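In: with the input below, show me the fold.
(2 chains)
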Amino acid sequence: MSEHAASAPGHDAADIDRHVKVYITVFVTLMVLTIVTVAISRFHLPVPMAIAVAMLVATIKGSLVACYFMHLISEKKLIYAVLGLTVAFFIALLFLPILTVHNGYWMRG
Amino acid sequence: MDIPYTVEVRRDTGLTNGKIGIWLFLASEVMLFGALFASYILIRTGAADWPRGDTILNVPLATFNTIVLITSSVTMVMAWASLMRNQFGKFRLYMGSTVLLGGVFLVVKYFEYSHKFHEGLLPSSNNFLAIYFTLTGLHMLHVIGGMTVNAYFLGPGAKQWKTNPTWFANRVEHSGLFWHFVDLVWIFLFPTLYLL
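Out: Here you go, the predicted structure:
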């Protein structure tokens, strides 16, 4: 929470109390979603669907951690800019293996 | 000379230097794990057949470890919230729990690894195990790193609470950002390696 950075600890106690309630809610949600992830895997869905569902649940869980525990929901613009750039490069990285399709046709240029 | 912008925010960034520093570091970490995830996708899509993780790995143990790591993320954020409420005693309790839970995670992982080694399942056995040991091994190193920093703030580093409480709270927040990132990576590793 960057707005706390300049304030002394102990200030805006009511604000922190509200945060703590959110942390507990997120914690319970993460626990439930962990059980959901494991339960879904027991159904032995077709692989593409299993991957899609598992990644969807993981993305929801990851977003909850990033938004609330890492306070990204109320962060400064510069952090969003850094992360925006990171996401772009991360996606590029994940698609990089496609270049190896067709026995490296694209690599040979 | 004092380190600048540890407590007060810079006008141009609106942040303390520590905050922007840890986020830049985490951005580099995303690329590190991203490269390995890309390798996983490449190896898996290129394989004639790929084993389901639960036929080789111990899902109940990994589920337990997921719960342990998520709980440690909550205790970490509660440690920071305790400092913001001026409750140093509670901070020690929550930070101690965070370090302890990190230790539990490592002990469970030790049992998982040693069980695999006893069965003769090594990184050299096949591509699945190679990427499993690489990803979880790197993640484990991060857990050890996070635990070390957290243990420092619980022990000798805690002296700063008396001299500069705001800086101390900021440092705990930054250490927490790293710890949550470690949790976040595991949230993706768990289904990827164990359930699919």
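In: confidence score at A:W106?
Out: We have a pLDDT of 52 for A:W106.
In: of all the residues in chain B, which one is nearest chain A?
Out: B:N86 (3.4 Å; Cβ to the nearest Cβ). Yep, even glycine has a C-beta here, placed from its N, CA and C like the rest.
In: how about that residue, secondary structure?
Out: Recorded secondary structure, B:N86: coil (DSSP: H, G, I helix; E, B strand; the rest coil).
In: for the host helix or strand of A:V57, name the packing helices and strands.
Out: Secondary structure assignment for A:V57, by DSSP states H and E: helix A:47-64. Here helix A:47-64 touches helix A:13-41, helix B:165-189, going by 3 or more Cβ pairs under 8 Å, 6 or more residues apart in numbering or on different chains; DSSP states H and E.
In: residues near A:A92, how many?
Out: Each residue near A:A92 was counted by other Cβ atoms under 10 Å in any protein chain shown, and the total is 11.
In: give me the neighbour count for the residue of chain B closest to chain A.
Out: 16.
In: poorly predicted segments of chain A, please.
Out: A:1-11, A:101-109 (pLDDT under 70).
In: same thing but 90
Out: A:1-15, A:44, A:93-109 (pLDDT under 90).
In: equivalent analysis for chain B, please.
Out: B:1-4, B:13, B:41-42, B:45-46, B:48.
In: which parts of it are helices?
Out: B:17-46, B:59-84, B:88-118, B:127-154, B:160-163, B:165-189 (DSSP state H).
In: which stretch among these comes nearest A:R18?
Out: Evaluated with Cβ to Cβ, the helices of chain B place helix B:59-84 nearest to A:R18, the distance being 10.5 Å.
In: got the angle for that closest one vs helix B:127-154?
Out: Here helix B:59-84 runs at an angle of 20 degrees relative to helix B:127-154 (axes from the mean of the first three to the mean of the last three Cα atoms, to 10 degrees).
In: what residues sit buried inside helix B:59-84?
Out: The neighbour-count check on helix B:59-84 (16 or more other Cβ atoms under 10 Å in any protein chain shown) flags B:59, B:62-63, B:65-66, B:68-84 as buried.
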